[in-house]
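Undergrad: Give me the fold of what follows.
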Amino acid sequence: MAKSIIGILTVFFTFFLIADSYSQVETSSLPKNNFTLFSDLTLNGLDELQDVVTVLGKEKIFKVSIDEKSEEAEFLLNNIKQKFSSYNFIYEKEDGFDYKIIFSGVKFFVAYSEPKADKIIGDEMFMRDLSVAFRFSVLNSDNAQQSVLKTYRDKVKTEYFDYIQESNYSFMKSALPDKPFMKKIIVPAIIVAVSAIAAILFFTIRSK
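TA: Numbering: from 1, shown residues only. Model prediction:
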């Protein structure tokens, strides 16, 4: 009977260890950090402005103004300068331009779900949700104010939490939700109990 139990436990642990090794192979590459993802979302969101500017004329001079002071606004402005480096965009002068582009409602958001193990003894994972939203209008043109919203979702290993949050911008960081108390206690207790039973049976069989 004891040999049967130890055999079952051995198969049980072997199965999950093998399954876990396949999981690690599939997700071995590092996830993109929040800074990179926010940059990608922002640059993609600015495609709509690029279409408007191209129609008005790339040779025209555009004055850019953001109606707020915040980290998000600073980050957006840096991405505007990057994307439109070959355009005639100005940022400080208050005259000598053909069109004025005004940005408002700049909001960047990141949130994480409660970490959960993808298997009984597998890696803990959490869902990551990011969003970028802003509005822009081009004065002296026939274009109405436009709203931009870009979102992103993926699943990340808990061990990469600190890595994805590496940034000097506070809005790119958020806290992981705490696990319910019972989950913190019961799951580790089950793993410890099963391991203890396996060890006791193993040494019991060896001593006979």
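Undergrad: Strands of the chain, start to end?
TA: For the chain, the strands defined by DSSP state E occupy 61-66, 88-90, 99-112, 116-117, 124-139, 146-157.
Undergrad: In this structure, where is pLDDT below threshold?
TA: 1-28, 119-121, 180-208 (pLDDT under 70).
Undergrad: so where do the helices sit in it?
TA: Listed in chain order, the helices of the chain (DSSP state H) span 2-26, 34-45, 47-56, 71-83, 161-164, 181-207.
Undergrad: Run the chain-centre distance for the fifth one.
TA: Translated: helix 161-164. Relative to the centre of its chain, helix 161-164 is centred 10 Å away, using CA atoms, centre = their mean, to the nearest Å.
Undergrad: Over to the second one?
TA: Relative to the centre of its chain, helix 34-45 is centred 10 Å away, using CA atoms, centre = their mean.
Undergrad: Report all helices and strands that it contacts.
TA: helix 71-83, strand 124-139, strand 146-157 (3 or more CB pairs under 8 Å, 6 or more residues apart in numbering; DSSP states H and E). All C-beta atoms are positioned from the backbone trio N, CA, C, and that covers glycine.
Undergrad: and residue 112, bridged to which residues?
TA: Residues in a beta bridge with residue 112, per DSSP bridges, are residue 128.
Undergrad: same question, the one 4 residues further on
TA: Taking DSSP bridges, one finds residue 125 as the beta-bridge partners of residue 116.
Undergrad: you'd agree it is up against residue 122?
TA: No. Using CB atoms under 8 Å as the test, residue 116 is too far from residue 122 to be in contact (9.7 Å).
Undergrad: coming back round to it: closest to residue 79 out of the strands of the chain?
TA: Proximity to residue 79 (CB to CB) singles out strand 124-139 among these, at 9.6 Å.
Undergrad: name the helices or strands packed onto that closest one?
TA: Using 3+ CB pairs under 8 Å, 6+ apart: strand 124-139 touches helix 34-45, helix 47-56, strand 99-112, strand 116-117, strand 146-157.
Undergrad: repeat that with 7 Å
TA: helix 34-45, strand 99-112, strand 116-117, strand 146-157 (3 or more CB pairs under 7 Å, 6 or more residues apart in numbering; DSSP states H and E).
Undergrad: what does the shortest one contact?
TA: Read that as strand 116-117. 123, 124, 125 (CB atoms under 7 Å, 6 or more residues apart in numbering).
Undergrad: Columns distance to residue 167 and mean neighbour count on top of the strands of the chain, output as CSV?
TA: Below are the strands of the chain laid out as CSV (distance: least, CB to CB, whole Å; neighbours: other CB atoms under 10 Å):
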stretch, distance to residue 167, mean neighbour count
strand 61-66, 20, 18
strand 88-90, 25, 15
strand 99-112, 10, 17
strand 116-117, 25, 14
strand 124-139, 12, 18
strand 146-157, 15, 15
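Undergrad: Just tell me which of the ones you listed ends up closest to residue 72.
TA: strand 99-112 (4.7 Å).
Undergrad: From the chain's centre, how far out is that closest one? Work that out for me.
TA: 18 Å.
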